[in-house]
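>>> no letters, just coordinates:
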């Protein structure tokens, strides 16, 4: 199989004194520089994956040696990179997915640290970067934004077909009625429900991009220990609005979250058993945190950027969850109990290990149900 080359994601093209300079965002070698318009046009063919040998042989014989030297330099400098060619489903694909998660964590932490450094240095950062490379802070940030936005747009163009293939494989009609949606299922899959979460869930998707079901198509929605992992209000409000959209009039959503009210009570009472018993459910919980450390982490204060979806972002008591559900258009918001739904179909809390967790005779979680109302939407599934 021929090796295809393409511009690296962080490749930069600059213009100076009639010359074109091409390098990466962190050049280890001097930029490739030329004022030859024909050579520039030829190199630009690598904006899409291309076979370098084919492109070189398409040139006049007199230009092939120079073209080969240019290709060698661009590869060694990291401007041109080989494309990923392993097929989906191979061990290489699984390994690459694991590396991707590591890179995402590093990117989230690095972006936060970058922001702190730039705020710390102030105008000096702009001046020094311009002096050293000719490119200041703003242009570099625009390059980063362009790269991430470009990747997001590519993913957006693939999302609908990827979800449609999963629905087809699960034999689910996205326009069906009377659906039962289990959102944030983790490893607990409910028979007869559509179990949704990030990969590797049966239906793997990012719920912040909407749900692929018609308006008023769901009779029951069960969301256990997901809401606290979303930023409030930026992500929580549109997510709840999406639940309202797919919930049929008279349908019921059951939401389970950590009960921060109980956590506050335990903190005030200095209830050591409350905090110590966490490790019976979560063995990875820190062995000796202070009550305040324990409480704030559980309530979502100061989430670690690298933890992504895993960290808690916000905490709820019944009053707060009732208000945000009312704001999203839900009605008849009531507090329930473990496995105590009035609706037999929603007595499913036991599927969630976190919802099952107890200290003494009490559960750590808050159980809430709400009804949907008629939604004046288009009737088309949201992809």
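Thanks, I have it. Quantities reported herein were computed from a predicted structural model and do not represent experimental measurements.

>>> so what's the gap between the helix or strand that residue 6 is a member of and the chain middle?
Taking DSSP states H and E as the definition, residue 6 sits inside strand 5-7. Centre-to-centre, strand 5-7 and its host chain are 26 Å apart (C-alpha atoms, centre = their mean, to the nearest Å).

>>> after the helix or strand containing residue 38 comes which helix or strand?
Element membership of residue 38, judged by DSSP H and E, is helix 37-43. Later in the chain than helix 37-43, the nearest helix or strand by DSSP H and E is helix 52-57.

>>> name the residues that touch whichever helix or strand comes after that next one?
Downstream of helix 52-57, the first helix or strand assigned by DSSP H and E is helix 61-76. The contact list for helix 61-76 (C-beta atoms under 8 Å, 6 or more residues apart in numbering) reads 5, 22, 29, 32, 39, 42-43, 52, 55-57, 59, 80-81. The C-beta positions use only the backbone N, C-alpha and C, and glycine is treated the same way.

>>> these two touch, right, residue 336 and residue 254?
Yes. Taking C-beta atoms under 8 Å as the definition, residue 336 is a contact partner of residue 254 at 7.3 Å.

>>> overlap in contacts of the two?
367, 368, 369.

>>> picking up where we left off before, ok, the contacts of helix 61-76 vs residue 325, which is closest?
residue 81 (48.1 Å; C-beta to C-beta).

>>> do you know how far the residue lying closest to that closest one once chain neighbours are set aside is from residue 46?
Using C-beta to C-beta, 6 or more residues apart in numbering and skipping residues adjacent in sequence, the residue nearest residue 81 is residue 8, 4.8 Å away. Residue 8 is 10 Å from residue 46, where distance means C-beta to C-beta, to the nearest Å.

>>> helices or strands next to the helix or strand hosting residue 165 in the packing?
For residue 165, the element it lies in under DSSP H and E is helix 137-169. Contacts defined by 3 or more C-beta pairs under 8 Å, 6 or more residues apart in numbering; DSSP states H and E place helix 137-169 against helix 123-133, strand 203-204.

>>> of all those, which lies closest to residue 270?
strand 203-204 (42.7 Å).

>>> would you mark the buried spots in the lowest-mean-pLDDT helix or strand in the chain?
Least confident helix or strand of the chain, by mean pLDDT, DSSP states H and E, is helix 278-281 with a mean of 72. Buried residues in helix 278-281, counted by 16 or more other C-beta atoms under 10 Å: residue 278.

>>> and it, what does it pack against?
Using 3+ C-beta pairs under 8 Å, 6+ apart, helix 278-281 sits against no helix or strand.

>>> so how far is it off the chain centroid?
Per C-alpha atoms, centre = their mean, the centroid offset for helix 278-281 relative to its chain is 27 Å.

>>> helices and strands around the longest strand seen in the chain, which ones?
Determined from DSSP state E, the single longest strand within the chain is strand 247-258. If you count contacts as 3+ C-beta pairs under 8 Å, 6+ apart, strand 247-258 packs onto strand 218-224, helix 318-327, strand 365-371.

>>> what residues of the helix or strand following that strand count as buried?
Moving toward the C-terminus from strand 247-258, the next helix or strand (DSSP H and E) is helix 260-269. Neighbour-count burial for helix 260-269 flags 260, 262, 263, 266, 267 (criterion: 16+ other C-beta under 10 Å).

>>> ok, and the closest non-adjacent residue to the first one?
It stands for residue 260. residue 315 (3.7 Å).

>>> who are the contact partners of the one you found?
Going by C-beta under 8 Å, 6+ apart, the list of residues near residue 315 reads 228, 257, 258, 260, 263, 298, 299, 300.

>>> got it, and residue 195?
Residue 195 touches 182, 185, 189, 201, 202, 203, counting by C-beta under 8 Å, 6+ apart.

>>> per-domain residue ranges of the protein.
5-82, 91-159, 178-371 (automatic domain parsing).

>>> deepest-packed of the ones you listed, please.
domain 178-371 (a mean of 17; mean count of other C-beta atoms under 10 Å).

>>> mind giving me the packing neighbours of the host helix or strand of residue 296?
Assigned by DSSP H and E, residue 296 belongs to helix 291-298. If you count contacts as 3+ C-beta pairs under 8 Å, 6+ apart, helix 291-298 packs onto helix 260-269.

>>> helices or strands next to the helix it packs on in the packing?
Against helix 260-269 (3+ C-beta pairs under 8 Å, 6+ apart) you get helix 272-276, helix 291-298, strand 365-371.

>>> average pLDDT for that helix?
Here helix 260-269 scores 91 as its mean pLDDT.

>>> which residues touch it?
So helix 260-269 is in contact with 271, 274-275, 291-292, 295, 298-299, 315-318, 362, 364, 366, going by C-beta under 8 Å, 6+ apart.

>>> mind running it again at 7 Å?
274, 275, 291, 295, 298, 299, 315, 316, 317, 318, 364 (C-beta atoms under 7 Å, 6 or more residues apart in numbering).

>>> likewise for stretch 117-130?
Counting by C-beta under 7 Å, 6+ apart, stretch 117-130 makes contact with 135, 136, 137, all of which sit outside it.

>>> now swap in stretch 359-367 and tell me
256-259, 262, 273-274, 277, 316, 318, 321, 335-338, 349, 354-355, 357.

>>> next one: stretch 241-256
210-211, 213, 215-225, 227, 321, 328-330, 341, 343, 346, 349, 352, 355, 365, 367-375, 377.

>>> so for the residue of the chain positioned farthest from its centre, what's the pLDDT?
What lies farthest from the middle of the chain is residue 62; by C-alpha atoms, centre = their mean that is 49.9 Å. With respect to pLDDT, residue 62 scores 87.
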